[in-house]
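Peer 1: here is a sequence with its predicted model. Questions after.
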Amino acid sequence: MIEERELPYLRRCVELASEALEAGDEPFGSVLVDAEGVVRAEDRNRIAGGDRTRHPEFELARWSTTALTPEERRGATVYTSGEHCPMCAAAHGWVGLGRIVYVASSAQLSSWLEELGAPAPPVRPLPAEEITPGVVVEGPVPSLVDQVRELHVRYHRGRSEQG
Ligand SMILES: Nc1ccnc(=O)[nH]1
């Protein structure tokens, strides 16, 4: 269950996604919170330079191996504006991080991209729990989904205008 006290972390993810959009990157943002509720790290998507693996969830997974103990990783929650893609879910699973909470699901994102006529991603939008059966995965969060959708609409409209 997603609790009221968790909403600020998710709002921060949306804010980071918005910063990514402003910088010309895809609108995704993520925050890693420890078992005590302390934000330990955050990042946003940084793919505009040409490396399409630069997802915030992947960055946080790698960061956590140098900064957190295995026990701290198990107790951490990764909040994210969009559900982990299979690459990031796999990284999350391999490094032994805990729960995932997302605002918008990969299924929602796929349907928006289709509506917008955006090219289909090269990686299948499988649900994160199919990749990491041992990880609790929760979402979507309806009260924030429209904000995330709006960021993706802006990103893809901007790109189709560039031609
Ligand atoms: N969840 C995500 C999907 C795609 N790209 C990202 O950076 N994050």
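Peer 2: Sure, I can see it.
Peer 1: other SSEs contacting the helix or strand harbouring R62?
Peer 2: For R62, the host element (DSSP states H and E) is helix 56-67. Applying 3 or more CB pairs under 8 Å, 6 or more residues apart in numbering; DSSP states H and E, one finds that helix 56-67 makes contact with strand 29-33, strand 39-44, helix 70-75, strand 77-82, helix 86-95. C-beta: built from backbone N, CA, C; applies to glycine.
Peer 1: hmm, who's touching that helix?
Peer 2: Under the contact criterion CB atoms under 8 Å, 6 or more residues apart in numbering, helix 56-67 has outside partners 16, 28-30, 32, 40-46, 72-73, 76, 78, 80, 84-85, 87-89, 91-92, 94-95, 97.
Peer 1: centre of the chain to stretch 2-12, how far?
Peer 2: 14 Å (CA atoms, centre = their mean, to the nearest Å).
Peer 1: which other residues reach it?
Peer 2: Residues contacting stretch 2-12 (CB under 8 Å, 6+ apart): 29, 31, 33, 37, 39, 42, 77, 79, 81, 101, 103, 138-139, 141, 143-144.
Peer 1: can you say which of the helices and strands packed on helix 56-67 is nearest to P122?
Peer 2: Closest of the helices and strands packed on helix 56-67 to P122 is helix 86-95, at 10.5 Å (criterion: CB to CB).
Peer 1: what does this structure have sitting close to the ligand?
Peer 2: The chain comes close to the ligand at residues 26, 28, 45, 55-57, 80, 82-85, as judged by CB under 6 Å from any ligand atom.
Peer 1: how about those in JSON lines, adding neighbour count and pLDDT?
Peer 2: Listed next are the residues of the chain next to the ligand as JSON lines, based on neighbours: other CB atoms under 10 Å; pLDDT from 0 to 100:
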{"residue": "E26", "neighbour count": "22", "pLDDT": "98"}
{"residue": "F28", "neighbour count": "32", "pLDDT": "98"}
{"residue": "N45", "neighbour count": "27", "pLDDT": "98"}
{"residue": "H55", "neighbour count": "25", "pLDDT": "98"}
{"residue": "P56", "neighbour count": "30", "pLDDT": "99"}
{"residue": "E57", "neighbour count": "27", "pLDDT": "99"}
{"residue": "T80", "neighbour count": "30", "pLDDT": "99"}
{"residue": "G82", "neighbour count": "30", "pLDDT": "98"}
{"residue": "E83", "neighbour count": "27", "pLDDT": "98"}
{"residue": "H84", "neighbour count": "31", "pLDDT": "98"}
{"residue": "C85", "neighbour count": "23", "pLDDT": "98"}
